[in-house]
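Q: sequence and predicted model, in that order:
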Amino acid sequence: MDILIIILLIIAAVILFLVELFVVPGISIAGILAGVCALIANYYAFAHVGTGAGFLTLAVTAVASIGSLVWFMRSKTLDRLSLRQNITSKIDRSAEARIRPGDTGVTTTRLALIGYAEIGGNIVEVKSTGELLDEHTPVRVVRVVDGTILVEKHT
C-alpha cells in the first residue's frame, strides 16, 4: 500500500509538472501542487518505507520528471497544440500614400507624440515632431518617412 501511494504521488507530480510547463503559463497552482506531491512522496518514502526506498524514490522522481519532459517535447503533442498559421495581411496604407508634405488637417485625438489626425478627408495615424497637441488642433504635414506622417502645429 505504501508503494502505491508513493507511485500515485509521483505520477500526480509529473502530470502537474507538465501542465505547469506547457499549459498554464507562469507560476500557478499546478506547479505548486507538483512540488508538494513530489515532496510528500519523498517524505512518505523516507518516513514509512526506509532510507534506501527514500533515496530510490528521490531518484525515480527526478528521472520521471526529466524523462517526461524530454518525452513530451519530442512527441508530436506540441506540434498539434502549436499555432502554424502565418500572418500575411498588411495594413492599408493607401491614404498615407496620397498625403504630401505641406498638407494640412486637424487632430482627431490628442497627440502625445502619436495619435490620429484627419488630413485630406482621411483619418490617419500621425506623429508630432515634438510638442504635445490637443484634440482639434490644426496641423501641417512636415514629412512622410516610411509610412510615418510627421506633423507640427499649424498657425
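A: Alright, I've got the coordinates.

Q: buried set for stretch 98-111?
A: 99, 105, 107-109, 111 (16 or more other CB atoms under 10 Å). C-beta coordinates here come from the backbone N, C-alpha and C atoms, glycine included.

Q: closest to residue 59 among the residues you listed?
A: residue 109 (62.5 Å; CB to CB).

Q: need the contact list for the nearest residue in space to that closest one that is not next to it in sequence.
A: Using CB to CB, 6 or more residues apart in numbering and skipping the chain neighbours, the partner closest in space to residue 109 is residue 115 (4.1 Å). Residue 115 makes contact with 107-109, 125-126, 128, 133, according to CB atoms under 8 Å, 6 or more residues apart in numbering.

Q: which among those residues gets closest to residue 93?
A: Looking across those and measuring by CB to CB, the closest to residue 93 is residue 125, at 9.9 Å.

Q: tell me the phi and psi of the residue located most distally from the centre of the chain?
A: Relative to the C-alpha centroid of the chain, counting by CA atoms, centre = their mean, residue 50 is the outermost residue, at 44.9 Å. Main-chain dihedrals, residue 50, degrees, to the nearest 10: phi 140, psi 170.

Q: how near is it to residue 94?
A: Residue 50 is 77 Å from residue 94, where distance means CB to CB, to the nearest Å.

Q: how about the secondary structure of the residue most central in space within the chain?
A: The centre of the chain sits closest to residue 25, judged by CA atoms, centre = their mean, with a distance of 8.8 Å. Three-state call for residue 25 (DSSP: H, G, I helix; E, B strand; the rest coil): coil.
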